[in-house]
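*Asks:* This is the structure alone, sequence omitted:
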Ligand code: SD4
């Protein structure tokens, strides 16, 4: 029998702290699915999970950490999201404020920061010694694995500004050196309402201004309580071209099982980008769930019913 209430999210390991937090909110506090997802993602932002969520991770070329986050309510289909959020730690909290206190769906950059400050969030430097060191090492090492193609750094610069080279048709390089993770989560509460959300600090050494898949509705996550929900992680620059979570939920709507729905959405990306690193979790509104991934060994965590701890599932690549 399905285990309700239920929470499911990308990645095991340190990410199970988020699973447990959201589950306890659902089961003990009788939280709504939306609040449970917010609480779960905020848990990762606070303890930084493996460094790829929250402050002090994935510094851009300027050594700054910026945050992407979204929340979606599967009952109203309302969304709130922030992209390239600067100097505010609780990105998913600001996403909630966008959802609750505006008619918008997405705010970006410094102006998202301004909105956050108006709503009582505190401006703080998101840099840590670790993120500064990572950025400086990247510069010292000649700036490997960056996301620019067909350009060369100007002589004497610490990787930037850049001068364009004649086009060679190169595709953006995926910096596979880092663990490049994100929390994306779906919950079903005791009333059967569903919600989904995502929080990430994106990709290391990105071009400043880069926004990933995380805050994009249908890409980072997606939920329709009439059908089910999905959360994603991976190479957002590629994944956001496919809206894999929208695809997976629509696959459920058309009668696929969660496993078929997840695999189909991943295979669509792999067909065009055989090396893409991706992982999606998919759950229908009965609580039946599965996942699929490519390019790495993906893991996900879930906890539902009266389970005493989060369970972690390993997903071989498609
Ligand atoms: C991004 N999807 O910004 C995020 C990063 C990620 O596993 O999930 N990596 O591209």
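*Replies:* Alright, I've got the coordinates. Only a predicted model underlies this, so the values are computations on that prediction, with no experimental measurement involved.

*Asks:* what does this structure have sitting close to the ligand?
*Replies:* 180-182, 200, 202-203, 212-214, 233-236 (CB under 6 Å from any ligand atom). In this view, the C-beta of every residue, glycine as well, is placed from N, C-alpha and C.

*Asks:* could you dump the residues you listed to a markdown table with secondary structure, neighbour count and pLDDT?
*Replies:* Listed next are those as a markdown table, based on DSSP: H, G, I helix; E, B strand; the rest coil; neighbours: other CB atoms under 10 Å; pLDDT from 0 to 100:
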| residue | secondary structure | neighbour count | pLDDT |
| --- | --- | --- | --- |
| 180 | coil | 22 | 55 |
| 181 | coil | 28 | 77 |
| 182 | coil | 33 | 93 |
| 200 | strand | 32 | 97 |
| 202 | coil | 27 | 95 |
| 203 | coil | 23 | 93 |
| 212 | coil | 26 | 97 |
| 213 | coil | 31 | 98 |
| 214 | coil | 32 | 98 |
| 233 | strand | 30 | 97 |
| 234 | strand | 28 | 97 |
| 235 | coil | 24 | 96 |
| 236 | helix | 28 | 97 |
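
*Asks:* Quick one: those as CSV, columns for distance to residue 7 too.
*Replies:* Output for the residues of the chain next to the ligand, formatted as CSV (distance: CB to CB, whole Å):
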residue, distance to residue 7
180, 23
181, 17
182, 16
200, 18
202, 23
203, 26
212, 23
213, 21
214, 18
233, 16
234, 20
235, 25
236, 22
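
*Asks:* what's the closest of these to residue 145?
*Replies:* The closest of the residues of the chain next to the ligand to residue 145 turns out to be residue 203 (CB to CB; 9.8 Å).

*Asks:* hang on, residue 85 packs against residue 113?
*Replies:* Yes - under the criterion of CB atoms under 8 Å, residue 85 makes contact with residue 113 at 6.4 Å.

*Asks:* quick one, which of those two is more surrounded?
*Replies:* residue 85 (30 against 21; other CB atoms under 10 Å).

*Asks:* For that one, give me its contacts.
*Replies:* Contacts for residue 85 (CB atoms under 8 Å, 6 or more residues apart in numbering) come out as 66-69, 91, 94, 108-109, 112-113, 116.

*Asks:* Specify which member of the residues you listed is nearest to residue 240.
*Replies:* residue 68 (10.7 Å).

*Asks:* Please name the bridge partners of that closest one.
*Replies:* residue 200 (DSSP bridges).

*Asks:* pLDDT wise, what is it at?
*Replies:* On pLDDT, residue 68 comes in at 98.

*Asks:* what's around it, how many residues?
*Replies:* 28.

*Asks:* do the one 3 residues further on as well
*Replies:* Here the count is done by other CB under 10 Å, and residue 71 has 32 residues near it.

*Asks:* Can I take it that it is in a strand?
*Replies:* Yes - per DSSP: H, G, I helix; E, B strand; the rest coil, residue 71 lies within a strand segment.

*Asks:* now the strands for this protein?
*Replies:* 6-10, 67-73, 79-85, 106-108, 151-153, 162-164, 183-188, 194-200, 221-224, 228-234, 278-284, 289-294, 298-304, 311-315 (DSSP state E).

*Asks:* where in the chain is pLDDT low?
*Replies:* By pLDDT under 70, the low-scoring segments of the chain are 1-2, 167-180.

*Asks:* hmm, try it at 80
*Replies:* Scanning the chain for pLDDT under 80 picks out 1-2, 166-181.

*Asks:* on that earlier part again, filter the contacts of residue 85 down to the buried ones, ChimeraX style.
*Replies:* Per 16 or more other CB atoms under 10 Å, the buried members of the contacts of residue 85 correspond to this ChimeraX selection:
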select :66,67,68,69,91,94,108,112,113,116
